[in-house]
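Student: sequence unavailable; structure follows:
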């Protein structure tokens, strides 16, 4: 019996380059830079317990959250990988107050792309050896190439993304990404440091039996979310659903991508706009979900249609199997009607 062969991520990028609307090789090199950085971060994550890089660094990021040592390390790794190859004109990171302008060696601003990134999603889970991830989002700049990058280049609707994806550092390390032509997943072979296509043309099941939400905040949730949770727990038809919540968006999303389910991080009485960032987390995940046949909203409107007004803007987030998100939206709408 012939041994099964897998296409490498590098080969896949080259084969699919013509799918890019503005094919020049630049976007391919950009994704290759993310691939390289992810392998370096994967190495650091896997030795975190013996290299004194777990725990807090002693600072807070722009959101007022305690930074973990690996947050800072992953942020530096991705920024260096993206800036050294001169494939982007600007980078915005969840860990940085403002965007970073990237200049080419000739002091020009020639690249057409900007990247928004959450370098290490769920990093507080590192201390207890739970899966974490990286989330990235890529846009074509709207200002003129050759000029300094501006805030408007980053504050674009999610529908303008040209590529988005995530890396999950778990029992195996995977890159899952889309360029608007479906979703594909690649698993890292650590013995040779190469990603192979393992999950071609990924699709989220239309419905599922898993709901993911931090029920510890139940008393702070809007009524529509409380009603939907009770619906999930009701014994009727294919219910009750199973509750699964890891606390790492990448991990929860990845599980639901494969098995079907809904992930919810709603507004609360303490956080009326929710906690997740529109640009670094919600938009890229929504792009992936829709490309895989799923659905994402803030409970009322499509995530990808929301116009960002600030770099670290937060929004409520309902994402996953299309039928489950639609049902949750019904409960949200019903709860606000007189």
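Tutor: Noted; the coordinates are in hand. Computed from a predicted model, the values in this text were never measured in an experiment.
Student: all helices for the stretch 51-200 of the chain, in order.
Tutor: With helices called from DSSP state H, counting those that start in this stretch, the stretch 51-200 of the chain shows them at 69-84.
Student: where in it is pLDDT low?
Tutor: 51-68, 105-109 (pLDDT under 70).
Student: mind running it again at 50?
Tutor: Within the stretch 51-200 of the chain, the segments meeting pLDDT under 50 span 51-58.
Student: which residues touch the nearest residue to residue 246 once chain neighbours are set aside?
Tutor: In this structure, residue 246 finds its nearest non-sequential neighbour in residue 252, 5.1 Å apart by CB to CB, 6 or more residues apart in numbering. Bear in mind the C-beta positions are built from the backbone N, C-alpha and C, glycine included. With contact taken as CB atoms under 8 Å, 6 or more residues apart in numbering, residue 252 is in contact with 212, 244-246, 263.
Student: burial count for residue 164?
Tutor: 25 (other CB atoms under 10 Å).
Student: for residue 36, same thing?
Tutor: For residue 36, the neighbour count with other CB under 10 Å is 17.
Student: give me the mean pLDDT for the helix or strand containing it.
Tutor: For residue 36, the host element (DSSP states H and E) is helix 26-46. For helix 26-46, the mean per-residue pLDDT is 90.
Student: for the stretch 51-200 of the chain, just list every one of the strands.
Tutor: Assignment of strands within the stretch 51-200 of the chain using DSSP state E, counting those that start in this stretch yields the ranges 56-60, 66-68, 90-93, 100-101, 113-121, 132-140, 161-169, 173-178, 183-189, 194-199.
Student: so for residue 45, which of those sits nearest?
Tutor: Set against residue 45 and scored by CB to CB, the strands of the stretch 51-200 of the chain come closest in strand 161-169, at 4.7 Å.
Student: report the angle between that closest one and strand 173-178.
Tutor: Strand 161-169 and strand 173-178 are oriented at 160 degrees to each other (axes from the mean of the first three to the mean of the last three CA atoms, to 10 degrees).
Student: relative to helix 69-84, how tilted is strand 161-169?
Tutor: Orientation check (the same axes, to 10 degrees): strand 161-169 against helix 69-84 gives 140 degrees.
Student: please enumerate the helices of the stretch 201-338 of the chain.
Tutor: For the stretch 201-338 of the chain, the helices defined by DSSP H, counting those that start in this stretch cover 223-233, 249-259, 283-291, 322-336.
Student: what mean pLDDT does the second one get?
Tutor: Yep, that's helix 249-259 we're talking about. Rounded mean pLDDT across helix 249-259 is 96.
Student: check which residues of it are buried.
Tutor: Along helix 249-259, these residues count as buried under the neighbour rule (16 or more other CB atoms under 10 Å): 249-258.
Student: the longest one now?
Tutor: Across helix 322-336, burial judged by 16+ other CB under 10 Å covers 322-325, 327-329, 331-332.
Student: next: stretch 150-161.
Tutor: In terms of neighbour count (16+ other CB under 10 Å), stretch 150-161 has its buried residues at 150, 153-158, 161.
Student: redo these as JSON lines? Include distance to residue 189.
Tutor: Formatted as JSON lines, these follow (distance: CB to CB, whole Å):
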{"residue": "150", "distance to residue 189": "41"}
{"residue": "153", "distance to residue 189": "36"}
{"residue": "154", "distance to residue 189": "35"}
{"residue": "155", "distance to residue 189": "39"}
{"residue": "156", "distance to residue 189": "35"}
{"residue": "157", "distance to residue 189": "37"}
{"residue": "158", "distance to residue 189": "32"}
{"residue": "161", "distance to residue 189": "29"}
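Student: those: which two are farthest apart?
Tutor: Across those (CB to CB), the longest gap, 18.9 Å, separates 150 and 158.
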